[in-house]
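Colleague: Fold the following, please.
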Amino acid sequence: MRVPFLNRLAQLTGKNPATGSAVLGRSRTQTVATWIFWISIVTALARPQFFEPPITQVKPTRDLLLAIDLSASMQIEDFTDASGKTVDRLTATKQVVDDFLERREGDRVGLILFGSAAFVQVPFTTDLNVCRELLNEARVGMAGPKTAIGDAIGLSINVFDRSEQKDRVLMLLTDGNDTSSKVPPADAARIAKDKGIVIHSIAVGDPEAAGEDKLDIESLKDISKTTGGEFFRALNRDELEQIYVKLDALDTREIESLSYRPRHELYFWPLGLAILSSLLFQIWMLFHDHSRHHNLNLEPTHD
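Modeller: Model prediction:
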């Protein structure tokens with residue numbers, strides 16, 4: 001046994017160490033095993049980690065709500081699709097809005113459908129594919145044949161009340177005039193303004209039509225003006241596409257992104273190596289001592 005404080009120990013006990021003691025040196029195997037064990041333990045205590053490539057997550061900074069008219073007049077076929085085929089207004093609207101939603105990364109999007117009454121088809125979500133799919137499933141008349149613009153704005157206000165975002169935008173698309181709302185559109189627009197909601201109105205109907213199908217342009221202009229939004233009118237699919245391009249450029253927003261790198265602990269590898277090297281060394285020592293003891297017993301004796 002090596003004692004680094006041997007001289008101090010000799011003084012305290014009053015005894016002098018004898019000479020001629022045999023000091024056993026370490027074997028090469030023991031030295032290698034000791035170094036492997038020590039380096040492995042130190043490496044494990046250093047907690048090595050593996051970092052994966054950065055993952056960026058976009059955090060919504062604005063809530064965008066779409067209110068789409070499903071009244072009976074939306075089935076009038078006076079629009080064309082991308083291939084030039086004549087389609088009804090709702091079909092053309094869904095195609096254009098679908099392209100618009102495809103570029104809305106960074107927004108939470110919700111969908112309100114309205115006719116004689118308004119209902120929430122999609123609450124605010126960052127899953128734009130779900131919103132696009134449910135919009136595609138919308139059909140003319142599923143909310144009634146009339147047009148309740150005021151009720152759609154009122155329902156939008158209730159939806160936005162559960163929002164924590166400062167930027168709140170409502171895109172209202174209709175082809176008629178308000179015929180069945182319990183809340184007048186002008187009153188609903190004033191409440192929306194007080195709530196910080198900006199309404200962009202998009203008209204796709206015919207102002208020269210008669211009765212319930214007549215487009216009330218002045219009312220839609222007033223709604224947008226009251227809330228600080230814009231009014232647009234589309235007579236065909238190309239104009240409707242340009243409107244959404246303008247809205248995309250108009251409603252610029254800062255995208256807040258969160259970036260992080262997943263990491264994995266690796267300490268268990270050097271720790272496992274330390275344990276394994278220690279076990280192998282102990283096994284080697286047992287076999288070595290047993291073999292040496294066996295060889296000693298086999299030595300011949302002389303009389």
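
Colleague: so how many other residues sit close to the nearest residue to residue 36 once chain neighbours are set aside?
Modeller: What sits nearest to residue 36 in space, not counting adjacent residues and going by CB to CB, 6 or more residues apart in numbering, is residue 277, at 4.5 Å. C-betas here are computed from N, CA, C, even on glycine. Taking other CB atoms under 10 Å as the criterion, the count of residues near residue 277 is 19.

Colleague: If you count neighbours, what's buried in the helix or strand harbouring residue 277?
Modeller: Per DSSP states H and E, residue 277 falls inside helix 268-297. For helix 268-297, the buried set under the neighbour-count rule, 16 or more other CB atoms under 10 Å, comprises 270, 273, 274, 277, 278, 281.

Colleague: helix or strand right after the helix or strand that contains residue 159?
Modeller: Per DSSP H and E, residue 159 falls inside helix 149-161. Where DSSP H and E defines the elements, the next helix or strand beyond helix 149-161 is strand 167-174.

Colleague: Closest one to residue 141 out of the buried residues of helix 268-297, please.
Modeller: Distance to residue 141 across the buried residues of helix 268-297 (CB to CB) is lowest for residue 270, with 69.3 Å.

Colleague: contacting residues around that closest one?
Modeller: 39, 40, 41, 43, 44, 48 (CB atoms under 8 Å, 6 or more residues apart in numbering).

Colleague: Likewise for residue 44?
Modeller: 267, 268, 270, 271, 274.

Colleague: Once you drop chain neighbours, what's closest to the last one?
Modeller: I take that to be residue 274. Using CB to CB, 6+ apart and skipping the chain neighbours, the partner closest in space to residue 274 is residue 40 (3.6 Å).

Colleague: how far off helix 268-297 does the helix or strand hosting that neighbour point, in degrees?
Modeller: Using DSSP H and E, the element containing residue 40 is helix 28-45. Here helix 28-45 runs at an angle of 160 degrees relative to helix 268-297 (axes from the mean of the first three to the mean of the last three CA atoms, to 10 degrees).

Colleague: quick one: strands adjacent to the following helix or strand past helix 28-45?
Modeller: Of the helices and strands lying after helix 28-45 in sequence (DSSP H and E), the nearest is strand 49-51. Take DSSP bridges as the rule and strand 49-51 pairs in its sheet with strand 263-265 (antiparallel).

Colleague: Give me the distance from the strand it pairs with to the chain's centre.
Modeller: Computed by CA atoms, centre = their mean, to the nearest Å, the chain-centroid distance of strand 263-265 equals 21 Å.

Colleague: before we move on, the earlier item: let me have the buried residues of helix 268-297 in CSV, adding pLDDT and distance to residue 229 as columns.
Modeller: Converted to CSV, those look like this (pLDDT from 0 to 100; distance: CB to CB, whole Å):
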residue, pLDDT, distance to residue 229
270, 91, 62
273, 91, 66
274, 90, 68
277, 87, 72
278, 87, 73
281, 85, 78
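
Colleague: Dump those to TSV, plus distance to residue 148.
Modeller: Below are the buried residues of helix 268-297 laid out as TSV (distance: CB to CB, whole Å):
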residue	distance to residue 148
270	69
273	72
274	74
277	78
278	79
281	83
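
Colleague: so which of these comes closest to residue 71?
Modeller: So of the buried residues of helix 268-297, ranked by how close each gets to residue 71 (CB to CB), first place is residue 270, at 70.4 Å.

Colleague: residues near residue 241, how many?
Modeller: 17.

Colleague: Could you pull out the buried residues of whichever strand or helix holds it?
Modeller: Assigned by DSSP H and E, residue 241 belongs to helix 237-250. By neighbour count on 16+ other CB under 10 Å, the buried set for helix 237-250 is 237, 240, 241, 243, 244, 247.

Colleague: Check which helices and strands that helix sits against.
Modeller: Under the contact criterion of 3 or more CB pairs under 8 Å, 6 or more residues apart in numbering; DSSP states H and E, helix 237-250 touches strand 79-80, helix 89-101, strand 197-203, strand 231-233.

Colleague: Low-confidence ranges, the stretch 51-200 of the chain, go.
Modeller: Flagging of the stretch 51-200 of the chain using pLDDT under 70 yields the residue ranges 57-61, 106.

Colleague: mind running it again at 80?
Modeller: Residue ranges of the stretch 51-200 of the chain with pLDDT under 80: 55-62, 78, 80-84, 103-107, 165, 176.

Colleague: wait, which of the helices and strands packed on helix 237-250 is closest to residue 54?
Modeller: Nearest of the helices and strands packed on helix 237-250 (CB to CB): helix 89-101, 26.9 Å.

Colleague: which other residues reach the closest one?
Modeller: With contacts defined as CB under 8 Å, 6+ apart, helix 89-101 is touched by 66, 68, 70, 73-82, 109, 128, 131-132, 135-136, 138-140, 173, 175, 204-205, 237, 240-241, 244, 247-248.
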